[in-house]
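Undergrad: mind looking at a prediction? Sequence and model below.
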Amino acid sequence: MDLLLADLGVTKSLSRPHVSDDNPYSEAQFKTPKYRPEFPARFGSIQGERNFCRTFFAWYNHDHYHSGIGLLTPAMVHYGQAATGLQKRHEVLEDAYAQHPERFIRHPPRPQPLLPKVLISNPVSAIELEEVVL
């Protein structure tokens, strides 16, 4: 089987397809709660874990601005508020530049663009998979 995969140019992986346990986005996600000041050294109970997660995920999705998604919150992107958020940031940056242009050496500040799509794992269609095997 290894020789067949090599002949077909398929890279062997020990992970199952579409599983996010070996992924930089997931690794960053796991690291984020551990570096929060309120993350305990040990959880006393399953209820303590659940309470932490409820609070953490609410903060992460609604209050934490992510550099990978244009310094917006996941909720803003998920609920279609990204364009409004980026427009507001653009207005604030324009105002900051108008008041203190000396602070911006190279050019006026610009909001970070929103990436068109971020995937944990890009699903492969059955047709694409069939083409690889044939």
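TA: Yep, that arrived.
Undergrad: tell me the phi and psi of the nearest residue to residue 71 once chain neighbours are set aside?
TA: Once its chain neighbours are removed from consideration, residue 71 has its nearest residue in residue 65; the separation is 4.8 Å (Cβ to Cβ, 6 or more residues apart in numbering). Heads up, the C-betas are built off the backbone N, CA and C, glycines and all. Here is the backbone geometry of residue 65 (degrees, to the nearest 10): phi -90, psi 130.
Undergrad: looking at it, residue 65 is touching residue 73, isn't it?
TA: Yes: contact status for residue 65 versus residue 73: in contact at 6.0 Å, counting by Cβ atoms under 8 Å.
Undergrad: counting neighbours, go ahead and name the busier of those two.
TA: For residue 65 against residue 73, the residue with the higher neighbour count under other Cβ atoms under 10 Å is residue 73, and the figures read 20 against 13.
Undergrad: in this structure that one contacts residue 61, no?
TA: Yes: between residue 73 and residue 61 there is a contact under Cβ under 8 Å: 6.5 Å.
Undergrad: so what pLDDT did residue 113 get?
TA: Model confidence at residue 113, given as pLDDT, is 81.
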